[in-house]
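S.K.: need a 3D model of the sequence below.
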Amino acid sequence: MPSEKKSVASLGKSNNQPMMIVAGVVIVVIIGVVAFLVLSNNSKKNTTASTKIVVDEIANAPEGCPKSTTIVVKSDEAGTVKISNANANFLQWRKDSGQLVLTNYTVDTKSIYKTLTGDQVLTVINLETKDASAIEAGEYSKTVAPDHNLSVREFNLSTVGLSGGVFDNSGKVFVTYLGTDYVCGTVTSDDGSSSINGQFIAKYVNNQ
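M.R.: Here you go, the predicted structure:
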């Protein structure tokens, strides 16, 4: 019987087939990896874009008010306490006086002097008029000149272990807006060991 012969070209083609298959698989894998990386990157971008940053601001803040309360209360006992919009209240008990109440917890606006627990800090700034007239926007001072009617009676600061205050005779509260929705302004008070400083937009609470 005649012997079966294979051409060199045929043998070469047969030997190259496994290599071509491997190369094809590698290309498919590379394409898959690239596609995965592209999709993963796009997913991260979409997630970042859809993430909402929560900002503590009052959207409808009246003219004369900041959108955010920036007051920081400091003392050895309290540490450093940043006051949020939700925990800034202005309580009016009589026409000639009011209390700016700043806390790091939800306070009972009808009865603020309750037993404190844990790391709770209660800051109360009492504003009043000397002649018993209605409180108004303006500069309230701890040390009041004879011809000045707006007064800060005290800057009180209480923690679980101590009821004290900021004993700064030059401390001031400048009320820039006083309405039936909010009371706004700035506080500057520092006695070297305790301080209350910053802007506020406080919810107005009528307790008269």
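S.K.: wasn't residue 86 part of a strand?
M.R.: No: the assignment for residue 86 (DSSP: H, G, I helix; E, B strand; the rest coil) gives helix, which keeps it out of a strand.
S.K.: look up how far residue 123 lies from the nearest residue to it once chain neighbours are set aside.
M.R.: The shortest distance from residue 86 to any non-neighbouring residue, by Cβ to Cβ, 6 or more residues apart in numbering, is to residue 106 (7.5 Å). Quick note: C-beta positions are derived from backbone N, CA and C, even for glycine. Using Cβ to Cβ, to the nearest Å, residue 106 is found at 15 Å from residue 123.
S.K.: what's the answer for residue 184, then?
M.R.: 17 Å.
S.K.: please enumerate the helices of the chain.
M.R.: In the chain, the helices defined using DSSP state H lie at 8-50.
S.K.: for the residue nearest to the spatial centre of it, give me the pLDDT.
M.R.: For the chain, the residue sitting closest to the mean C-alpha position, by Cα atoms, centre = their mean, is residue 56 at 4.8 Å. Note on residue 56: pLDDT of 82.
S.K.: next one: residue 126
M.R.: 98.
S.K.: what's near enough to touch it?
M.R.: 97, 98, 99, 152, 153, 154, 156 (Cβ atoms under 8 Å, 6 or more residues apart in numbering).
S.K.: any of those buried? List them.
M.R.: 97, 98, 99, 152, 156 (16 or more other Cβ atoms under 10 Å).
S.K.: where does the chain dip in pLDDT?
M.R.: 1-55 (pLDDT under 70).
S.K.: so how far is residue 59 from residue 101?
M.R.: In terms of Cβ to Cβ, residue 101 sits 23 Å off from residue 59.
S.K.: ok, these two, which is more surrounded?
M.R.: residue 101 (23 against 6; other Cβ atoms under 10 Å).
S.K.: rewinding a little: just the ones of the buried ones among the contacts of residue 126 in strands?
M.R.: Using DSSP state E, the members of these that fall in strands are 97, 98, 99, 152, 156.
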